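Colleague: For reference, the sequence and a predicted model appear below.
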2 protein chains.
Amino acid sequence: MNGLTITLRPNGGKHLYEQIYEHIKLEIRKGKLRSGERLPSTRSLAEFLQVSRGTAELAYEQLLSEGYIEARPYRGYFVCAVEELAGLAETARDGRQFAGKGMETGNICNVTERAESRQERRCGEKEAAGAYVCDFSPNAIDMTAFPYATWKKITKNILVGANSDMFTYSCPKGDYALRETITHYLHTSRGVNCSPEQVIIGAGNDYLLMLLEKILGRHVAIGMENPTYKKAYRIFESFAYSILPIAMDDCGMSAEALRQSGAEAAYVMPSHQYPMGVVMPIGRRMELLKWAGEKEGRYLIEDDYDSEFRFKGKPVPSLQASDHLGKVIYVGTFSKSIAPAIRIGYMVLPEPLLDIYEEKCSFYSNTVSGIDQRILNEFIRNGHFERHLNRMRKIYRDKHDLLLNEWKGMEKQFRTMGENAGLHLLLQDKRGRREEELVRQAESAGVKVYGLSEFCVGRRMSCWEGAMVILGYASLSSGQISEGIHRLKQVWGHENGNIFI
Amino acid sequence: MNGLTITLRPNGGKHLYEQIYEHIKLEIRKGKLRSGERLPSTRSLAEFLQVSRGTAELAYEQLLSEGYIEARPYRGYFVCAVEELAGLAETARDGRQFAGKGMETGNICNVTERAESRQERRCGEKEAAGAYVCDFSPNAIDMTAFPYATWKKITKNILVGANSDMFTYSCPKGDYALRETITHYLHTSRGVNCSPEQVIIGAGNDYLLMLLEKILGRHVAIGMENPTYKKAYRIFESFAYSILPIAMDDCGMSAEALRQSGAEAAYVMPSHQYPMGVVMPIGRRMELLKWAGEKEGRYLIEDDYDSEFRFKGKPVPSLQASDHLGKVIYVGTFSKSIAPAIRIGYMVLPEPLLDIYEEKCSFYSNTVSGIDQRILNEFIRNGHFERHLNRMRKIYRDKHDLLLNEWKGMEKQFRTMGENAGLHLLLQDKRGRREEELVRQAESAGVKVYGLSEFCVGRRMSCWEGAMVILGYASLSSGQISEGIHRLKQVWGHENGNIFI
């Protein structure tokens, strides 16, 4: 078997199928396995390498999903042409996903390879995710129920020459009509009190935070819940902000710890903390608002990223709704409720910051297409958004309930947290296993779960003990959820019960 | 005449119609002229105030265009309801447009008014422009010939459930397919040498410059041509950059002055300098590239904002095309060539900056809708963009030639500059008149022209003497161009020949 003589290390840091996958990938990249070359069947490979057939299959699945090999019906597996690889998923990240201690093989790749992988790394995330039977990603959403026909119809009605005004520049804050619509929506659904003049529309929340840097200034000491939304963390880090991780308890960010930290601003997710899922009770909200009110220039940045989805109990109003001092900067997005790709987010500035916005930001052109703003406005005003939200709430609730139902019987080993809202939940181990162990066991079963430490800033500072993993379910089919949970139960239910290796 | 007793100052800094317009506006805002109240006819008002009927008409036209009053057929002019004013054009900027010395009246407006005007100022620009018979804005473009049907058809074909992938997150740099398309387009049309990995797609050039701040760092001494694109100036100013205005001669930015300035980077528009219209010859380009090559960390930011439109002679390649050292950061946009509203620009980073991008920017989500990226990609790949550009080149060339033709006979009084490329040109006065005088005379004839000093940083430092005004013509109909030039000839052709006052 040319190019397939692999020295497997059964007790190495990596699983056998990963070792096989990485070896074959490298052989293809080096050109030792040539384009069009037929690979042995999984049965032959398994026999040759003395591994289970499942292991060989997993290795091939990974290679297939990344476009290194293709399956031709009735004929077998073939190496893909090199030019067909261009632009596909690359390995720096893929490698990291499987990274135990033994990354030696991955490090051999030459400079060109690393340059490629560096550049296309992020673009390859999606492809890499395909390597799992079930990826409980907390970032994905379900696009299958999106009303494409409605969106298309609105677009069609709008794209006419008579609307040519819409094709020119819009107001830096965004289209006034859409800002009115968002104001109304936020008031009725989230209790947000504002006027359209306070609403800034921008191409996603990353961009809105960049604007906020211009408004709040270059050197802000910002308190963040820990664990937190790591992307916001990275963005604040890229501003020269001092980030102060603030301990959480089961009511959310500790106001006392915040006060002692010396922070001038705090970034919080009171409706459904990411990733812990904590809903901040009114008492804690008042404490935070009190903290902000104690000193001029203190602000609370409220990220209300997935508040549309609450499955049990009454909707919880936003923190902004309780703010009478103009201390809350409210940030929201249509990424979860409509689609990530439309890149429309909004920020509601408190009155005292409007003058600063005007002085420091009003010369920046708005970043959202005027046409898209008009489409979204029609979509909301004609009731399609509400109908879509209702439909999605039902879909997500069903998935959420299915997941909890499938999980039954595991309550002795794991505590579930953060359910009843949002699109992910947490599992807290009661048996003293390590997080990496849980993640790796899941991985060996073809299931991707996310360890809490990925979301932590430095050492975890919270009142919770025990390893935790995060399961997002929004983009998974009910079949995938059942299969994923079934597999997790198998590997987690019986210690060392890894069925593949 | 309740509320219309106006003390006019015939020799004040402002024209009579402006004084009347501002007085009435203020009375409406103060509530002294009430919603629904009927105003006198222009004839009665003119008689009452002892001004010409034309003056009264101009004042009413301004109020009409800004939505303060409305004209009811056969009945006359009525004050608009206050709630109908919400979101309409506001006055901070309008005021500035007419600002001579005598802004006293405007300063009386109360705090609420200022807050409103501050907030909707920018959104009101378009409405304010409507006050002119002809606005030679250098920023506007012609949307009448846009292929709406084609754009709609592409959109329709793309918006299907099968493309649901397109609705999720894309690569931070932008959709790979579109980056390939842009790479190819820039290579064939502008001589730009790059790979798709170097192309970053972003929601407009303001945003791309914000990313560039993260890449180049927080404290850069940047050289800018003077006069320059004031918006870029404001943006660099908002980054704590030291801005060094560099003198220009008729070859563009002086390399010698740049060297002496101590700048670490320079922002240049070599294809058609804004606003001077200078095309930088190859010798000067080489001098700038040599400057950049002399020291590590020096970069040239090339803004190639309207290079698609060149009417005489061969196309001039980009500066990036001559750069063999990786010193040019190339920035371009589809705002002029397709539509401002689509908010898609691109930046080509030189190889040495890619690692820094990866480290400092790759966690920012891309800011352009994945759907729009796909539509644009199809639009370019299927040849529609090229056809549209050819059509627009012809349309703009005709307008350009008409303008120059109508201008005939004025050569003794004005030198024309910056013609043959781009969408605006300059008129340089040979008779020693002041710029404000020219702008004001044009205004009195209902024509908006733009004084060069609006584009200057501090004192003008250039080799050109004499007042200059800028005329953009892209969005004007041929009738408007003829009428506008006819009016300019009347007021500028005979000194003090103001026909309205």
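Modeller: On my side now, so go ahead. The model shown is predicted, which means the values in this text are computed figures rather than measured ones. Residues are numbered from 1 along each chain as shown, chains lettered A, B, ... in the order given.
Colleague: C-alpha only now, for contacts and for neighbours.
Modeller: Fine.
Colleague: what stretches of chain A score poorly on pLDDT?
Modeller: A:1-3, A:11-13, A:62-68, A:73, A:81-130, A:161-162, A:312-315, A:459-464, A:494-501 (pLDDT under 70).
Colleague: Find the residue at the geometric middle of it.
Modeller: A:N139 (2.5 Å; C-alpha atoms, centre = their mean).
Colleague: For chain B, see how far away the nearest residue to it once chain neighbours are set aside is.
Modeller: Excluding its sequence neighbours, the residue lying closest to A:N139 (C-alpha to C-alpha, 6 or more residues apart in numbering or on different chains) is A:G472, at 7.2 Å. Separation of A:G472 from chain B (C-alpha to the nearest C-alpha, to the nearest Å): 16 Å.
Colleague: hang on, A:G472 packs against A:I141?
Modeller: No. A:G472 is not in contact with A:I141 according to C-alpha atoms under 8 Å; the separation is 9.1 Å.
Colleague: what does the stretch 101-250 of chain A have sitting close to chain B?
Modeller: Contacts of the stretch 101-250 of chain A with chain B, taken as C-alpha under 8 Å from any C-alpha of the partner chain, map to A:118-120, A:122-123, A:140, A:143-144, A:146, A:148-149, A:151-152, A:155-156, A:159-161, A:164, A:166-172, A:176, A:197, A:203-204, A:206-207, A:214, A:231, A:234-235, A:238.
Colleague: now those residues: which count as buried?
Modeller: Buried residues within those, defined by neighbour count using 16 or more other C-alpha atoms under 10 Å in any protein chain shown: A:118-120, A:122-123, A:140, A:143, A:146, A:148, A:151-152, A:155-156, A:159-161, A:164, A:166-172, A:176, A:197, A:203-204, A:206-207, A:214, A:235.
Colleague: Which of those residues fall within strands?
Modeller: Within these, no residue falls in strands by DSSP state E.
Colleague: Which phi and psi values does A:D135 adopt?
Modeller: Main-chain torsions, A:D135, degrees, to the nearest 10: phi -110, psi 110.
Colleague: ok, the spatially closest residue to it that is not a sequence neighbour - contacts?
Modeller: Once flanking residues are discounted, A:D135 sits nearest to A:K448: 4.6 Å by C-alpha to C-alpha, 6+ apart. A:K448 is in contact with A:132, A:134-137, A:439, A:442, counting by C-alpha atoms under 8 Å, 6 or more residues apart in numbering or on different chains.
Colleague: TSV for those, including secondary structure and neighbour count?
Modeller: Shown next, in TSV, are those (DSSP: H, G, I helix; E, B strand; the rest coil; neighbours: other C-alpha atoms under 10 Å in any protein chain shown):
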residue	secondary structure	neighbour count
A:Y132	coil	19
A:C134	strand	26
A:D135	strand	24
A:F136	coil	26
A:S137	coil	20
A:V439	helix	20
A:A442	helix	24
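Colleague: how long is stretch A:423-443 from one end to the other?
Modeller: Chord length of stretch A:423-443, first to last residue, is 21 Å (C-alpha to C-alpha, to the nearest Å).
Colleague: how close does the closest residue to A:L58 other than its chain neighbours get to A:E57?
Modeller: Nearest non-adjacent residue to A:L58, counting by C-alpha to C-alpha, 6+ apart: A:Y17, 6.1 Å away. Remark: distance between A:Y17 and A:E57 (C-alpha to C-alpha) = 8 Å.
Colleague: Between these two, which has more neighbouring residues?
Modeller: The neighbour comparison of A:Y17 against A:E57 (other C-alpha atoms under 10 Å in any protein chain shown) goes to A:Y17, with 24 against 18.
Colleague: What ranges does the stretch 301-450 of chain A have for its helices?
Modeller: Secondary structure of the stretch 301-450 of chain A (DSSP state H, counting those that start in this stretch): helices at A:354-361, A:370-381, A:384-406, A:435-444.
Colleague: Same list (these) but as JSON lines, adding distance to chain B.
Modeller: As requested, the helices of the stretch 301-450 of chain A are exported to JSON lines (distance: least, C-alpha to the nearest C-alpha, whole Å):
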{"stretch": "helix A:354-361", "distance to chain B": "7"}
{"stretch": "helix A:370-381", "distance to chain B": "5"}
{"stretch": "helix A:384-406", "distance to chain B": "15"}
{"stretch": "helix A:435-444", "distance to chain B": "24"}
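Colleague: Dump those to CSV, plus distance to A:H184.
Modeller: Formatted as CSV, the helices of the stretch 301-450 of chain A follow (distance: least, C-alpha to C-alpha, whole Å):
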stretch, distance to A:H184
helix A:354-361, 19
helix A:370-381, 10
helix A:384-406, 13
helix A:435-444, 43
